[in-house]
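Enquirer: Make a model of this:
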Amino acid sequence: IRSSHELIEEQDFLTLPVPTSTGEGNHYDVVVCSMVLNCVTSPKDRGKMLSLMYHHLSPGGLCFLTIPKLCLSQSKYIDRMLFEKILQDGVGFKIMEKKDSPKVAFWVLLKDEEGTLTKKNATSETSESATMAENCRDEWSKLNILHRGKKYRNNFSVIL
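Expert: Numbers count the residues shown, from 1 in each chain. I've put the predicted structure just below:
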């Protein structure tokens with residue numbers, strides 16, 4: 001889908017440079033990722049996309065995220081609870097609102113006002129939070145089969 005309004009900027013988040021602490025790079029107040037994440041071809045690129053969306057948001061910025069419910073309900077590797085844990089604990093978003101239609105899952109995600117670094121991305125950590133960060137990296141850096149059986153027929157997953 002192409003935006004028709006001249007003030008709407010379409011970007012490929014996988015090719016944008018990460019904004020720096022000195023202000024270089026683009027920061028946005030709102031990012032809309034509607035039925036896009038599920039089209040990204042690899043789990044690692046999906047994780048990269050989520051992380052880049054977070055980093056490109058201004059503090060207090062919002063991300064509107066939608067994916068097909070089947071991505072979570074029929075995946076061998078991920079379910080809604082794990083996906084939301086990755087969004088919050090792995091990437092750093094705060095889930096402000098969520099809802100479902102019969103076929104689509106919706107989230108409104110917030111990057112907090114301070115732009116606090118997540119456990120995964122923090123540079124100075126206490127030993128307890130460093131241990132938690134390492135566990136998160138281990139947990140979300142490889143594919144683990146959660147569900148087996150004919151019902152779980154898709155390979156949607158996210159790797160950070």
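Enquirer: List the contacts of the spatially most central residue of the chain.
Expert: Centroid-nearest residue in the chain: residue 50, 3.0 Å away (criterion: CA atoms, centre = their mean). Residue 50 makes contact with 37, 86-87, 91, 158, 160, according to CB atoms under 8 Å, 6 or more residues apart in numbering. All C-beta atoms are positioned from the backbone trio N, CA, C, and that covers glycine.
Enquirer: From those residues, keep the buried residues only.
Expert: Neighbour-count burial (16 or more other CB atoms under 10 Å) applied to the contacts of residue 50 gives 37, 86-87, 91, 158, 160.
Enquirer: Tell me, how many residues neighbour the closest residue to residue 32 other than its chain neighbours?
Expert: Leaving aside its sequence neighbours, residue 32 sits nearest to residue 64 (CB to CB, 6 or more residues apart in numbering; 4.8 Å). Counted by other CB atoms under 10 Å, the residues lying close to residue 64 total 14.
Enquirer: Sheet partners, orientation included, of the stretch of helix or strand residue 64 belongs to?
Expert: Assigned by DSSP states H and E, residue 64 falls within strand 57-68. Using DSSP bridges, strand 57-68 pairs in its sheet with strand 28-34 (parallel), strand 104-110 (antiparallel).
Enquirer: Just name the most buried of these.
Expert: strand 104-110 (a mean of 18; mean count of other CB atoms under 10 Å).
Enquirer: So which helix or strand of this structure has the lowest pLDDT on average?
Expert: Least confident helix or strand of the chain, by mean pLDDT, DSSP states H and E, is helix 127-140 with a mean of 54.
Enquirer: Can you list the low-confidence ranges for the protein?
Expert: Within the chain, the ranges that satisfy pLDDT under 70 run 1-2, 21-24, 115-138.
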